[in-house]
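**Q** got a predicted structure plus its sequence, pasted below:
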Amino acid sequence: MGAGRGVSLATVLLLAGCTTAGQPAAPAAAPQSAPPTGAPSAAAPGCGSQVETGPLPDWADAGFSGSTRMPHVLGASGEIVAVLFGHPLTRVRRNGTNNKILWVARPTTTNPAVAAGGPLRITATLHGSGARVTREVAGGPGPSIVDLPQAGCWRFELRWSGRTDVMDLVYGDS
């Protein structure tokens, strides 16, 4: 590798690290074990998670029939996927729809008694503001309606059954 390439790569890495504005870094792409499918839509600047529009990961498509091409976001660790039935998510819904998110956790090989049970706890932090809200999905990952008080990029910290993952979700104004 020539010297020009090394400086160029270092510049790209430095600039990429400047987009989180104090937030913990999270990969913008799906982990290598689950390559991205479909064309991602644009995310807000500095908002790390991309909304994919291709088929759901194979492990997340149980119960669906026909095409599983739908908007979804894979957690940074690849442990959970948010299927966005209310895409795009918005602070205010004026058309009678909801911010419906189906949470699907990657199957686990641990003891089923440990893997099941308990709620999905969501701590959402608004990028750049520190505003924080919590939500809970009874019974763990599954269907939910997640409304948030402000538009913007929200970092979701997800905890369920001893597992964790994070993702960013963008909420529009209306």
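**A** Yes, it's here. Quick caveat, the model's predicted, so the values are computed rather than measured.

**Q** is residue 74 bridged to anything, and to what?
**A** The partner list for residue 74 in beta bridges (DSSP bridges) reads residue 81.

**Q** one more: residue 171?
**A** Beta-bridge partners, per DSSP bridges, of residue 171: residue 152.

**Q** my guess is residue 50 contacts residue 73. True?
**A** Yes. With contact defined as Cβ atoms under 8 Å, residue 50 and residue 73 form a contacting pair (7.2 Å). For the C-beta atoms, the positions are set from N, CA and C on the backbone; glycine is no exception.

**Q** the two: which has the busier surroundings?
**A** residue 73 (24 against 19; other Cβ atoms under 10 Å).

**Q** so how far is residue 135 from the more buried one?
**A** Computed as Cβ to Cβ, to the nearest Å, the residue 73 to residue 135 distance reads 16 Å.

**Q** now swap in residue 152 and tell me
**A** Going from residue 152 to residue 135 by Cβ to Cβ gives 16 Å.

**Q** do residue 89 as well
**A** Per Cβ to Cβ, residue 89 is found 13 Å from residue 135.

**Q** which outside residues touch stretch 142-154?
**A** For stretch 142-154, contacts defined as Cβ atoms under 8 Å, 6 or more residues apart in numbering pick out 43-44, 46-47, 86, 89-91, 98-103, 120, 122, 124-129, 131, 133, 135, 137, 168-173.

**Q** for ChimeraX, what selects the buried ones among the residues you listed?
**A** The buried residues among the contacts of stretch 142-154 can be selected in ChimeraX (16 or more other Cβ atoms under 10 Å) with this line:
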select :43,44,47,86,89,90,99,100,101,102,103,120,122,124,125,126,127,135,137,168,169,170,171
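
**Q** among the contacts of stretch 142-154, which are in strands?
**A** Among the contacts of stretch 142-154, DSSP state E puts 100-103, 120, 122, 124-126, 133, 135, 137, 168-171 in strands.
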